[in-house]
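Engineer: Starting from these lines, generate the structure:
(one chain, ligands or ions: 2)
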Amino acid sequence: MKNIILTGDRPTGKLHIGHYVGSLRRRVELQNSGKFDEIYIMIADAQALTDNFDNPDKVRANITEVALDYLACGLDPEKSTIFVQSHVEQLTELTFYYMNLVTLSRLERNPTVKTELKLRNFEQSIPMGFLTYPVSQTADITAFKANTVPVGEDQLPMLEQAREIVRSFNGLYGETLVEPKAVLPENKSCLRLPGTDGMAKMSKSLGNCIYLSDSADEIKRKVMGMYTDPNHIKVTDPGDTKNNPTFIYLEAFANDGHFERYCPEYANLDEMRAHYERGGLGDMKVKKLLNAVMQETLEPIRTRREELAKDLPAIWAMLKEGSDKAREVAAQTLAEVKRAMKINYFEN
Ligand code: ATP
Ligand code: MG
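Structural biologist: Residues are numbered from 1 along each chain as shown. Ligands and ions are numbered 1, 2, ... in the order given. Got it, this is the predicted structure:
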């Protein structure tokens, strides 16, 4: 069996450091590992429209923003097929057939969708497209026969849903689709990076993000304004590092080299954490280190991004080429699906 990756992002905003540690950094490593036969990276515009159908301009504008973030982080169109979901119309057709294999109550039980519905205040008027997006995500994954999906933790229920649909399809119509598995970040703090405001998840839709494209000043301002432990009032007070995003970000980004360069009185994060927990270490010092780490990490990404942004037509051309290629692959799977479902009436 081939090793194939499919993953992607919704073009609802520029990508942030949660995307970076949750999925993007890993994708680039997997891309460069040489262990994968095919890699597909999808800009999920059709999915983004399920809750932004009244704002197509936003979705359109963010397609190139996300593509720039990809290339700036090291995704390489020579090694990974980067494409736009809506251009691959076979995905919509697959979704329609897969919808027969899922019940409404199953969709309503999806914990990530539940949280997202609450956040969006849809209440009684839930768009059907939004509720069924996990089914369309199954189409995205299975169209490319992907067995590996590198994602953040919030995507686990989507992968579970995909596996259920695959099993149900293969059981009914014969072995056709491949069951995918999620690949989560190894570092626990990267599973779901909190927002700068201490909210459970950094999210484009919540405005609590540090973006990969933020200027040096913006990064500094956001880091200095970050939520920490509200009970750590005096420097001498013992502090909490578990629910404190400054420490969670350090876990996600800092290595011993950073300590040597920017905060040599501690050998590593464990030492700094212990000091904060027993009291005597102020938030300002932690934030100064975090700022230095973030600046060092994001500076090369931002510089590359600025360079790439000078030629947007080249970005669109790259996306068109990737989308055409993706479409050929999806068309093959769709033909197999139709054959399995015995709806290939006009073949030969
Ligand atoms: P939206 O608010 O529009 O849903 P988002 O910020 O949640 O945007 P997505 O495009 O839905 O971003 O997610 C893309 C990928 O990034 C998914 O694999 C998701 O698991 C991962 N991801 C998103 N936010 C985080 C985060 N805070 N920490 C870790 N991974 C994340
Ligand atoms: Mg999301």
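Engineer: what about the strands in the stretch 51-200 of the chain?
Structural biologist: Ranges of strands within the stretch 51-200 of the chain are 81-84, 148-150, 181-183, based on DSSP state E, counting those that start in this stretch.
Engineer: from the ones you listed, which stretch is densest packed?
Structural biologist: Ranked by mean neighbour count under mean count of other Cβ atoms under 10 Å, those are led by strand 81-84, which reaches a mean of 24. Where C-beta positions appear, they are placed from N, C-alpha and C, glycine not excepted.
Engineer: What pairs with it, parallel or antiparallel?
Structural biologist: strand 38-43 (parallel) (DSSP bridges).
Engineer: List the buried residues for the very next helix or strand once past the partner strand?
Structural biologist: Using DSSP states H and E, the helix or strand that directly follows strand 38-43 along the chain is helix 45-49. Neighbour-count burial for helix 45-49, counted by 16 or more other Cβ atoms under 10 Å, picks out 45-49.
Engineer: same deal with stretch 16-35?
Structural biologist: Result for stretch 16-35 [16+ other Cβ under 10 Å]: buried residues 16-28, 30-31.
Engineer: rewinding a little: any chance of the strands of the stretch 51-200 of the chain in JSON lines, with mean pLDDT too?
Structural biologist: JSON lines is the format used below for the strands of the stretch 51-200 of the chain (pLDDT from 0 to 100):
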{"stretch": "strand 81-84", "mean pLDDT": "98"}
{"stretch": "strand 148-150", "mean pLDDT": "94"}
{"stretch": "strand 181-183", "mean pLDDT": "94"}
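Engineer: how far out from the middle of the chain is the lengthiest helix in the chain?
Structural biologist: Ordering each helix of the chain by length in residues (DSSP state H) puts helix 312-340 first. Here the centre of helix 312-340 is set off from its chain's centre by 21 Å, with Cα atoms, centre = their mean, to the nearest Å.
Engineer: what angle sits between that helix and strand 38-43?
Structural biologist: Helix 312-340 runs at 110 degrees relative to strand 38-43, counting by axes from the mean of the first three to the mean of the last three Cα atoms, to 10 degrees.
Engineer: elements contacting helix 312-340?
Structural biologist: The contact analysis (3 or more Cβ pairs under 8 Å, 6 or more residues apart in numbering; DSSP states H and E) places helix 312-340 against strand 38-43, helix 56-73, strand 81-84, helix 90-98, helix 133-143, helix 156-173.
Engineer: Tell me which of these lies nearest to residue 271.
Structural biologist: helix 56-73 (30.3 Å; Cβ to Cβ).
Engineer: Which positions within that closest one qualify as buried?
Structural biologist: For helix 56-73, by 16+ other Cβ under 10 Å, it's 59, 62-73.
Engineer: how deep is residue 337 tucked in, by neighbour count?
Structural biologist: By the measure other Cβ atoms under 10 Å, the count of residues near residue 337 is 23.
Engineer: OK, contacts around it?
Structural biologist: Contacts for residue 337 (Cβ atoms under 8 Å, 6 or more residues apart in numbering) come out as 94, 97, 169, 173, 176-177.
Engineer: Determine which two of these are furthest apart.
Structural biologist: Largest pairwise distance in the contacts of residue 337, by Cβ to Cβ, is 12.7 Å, between 94 and 173.
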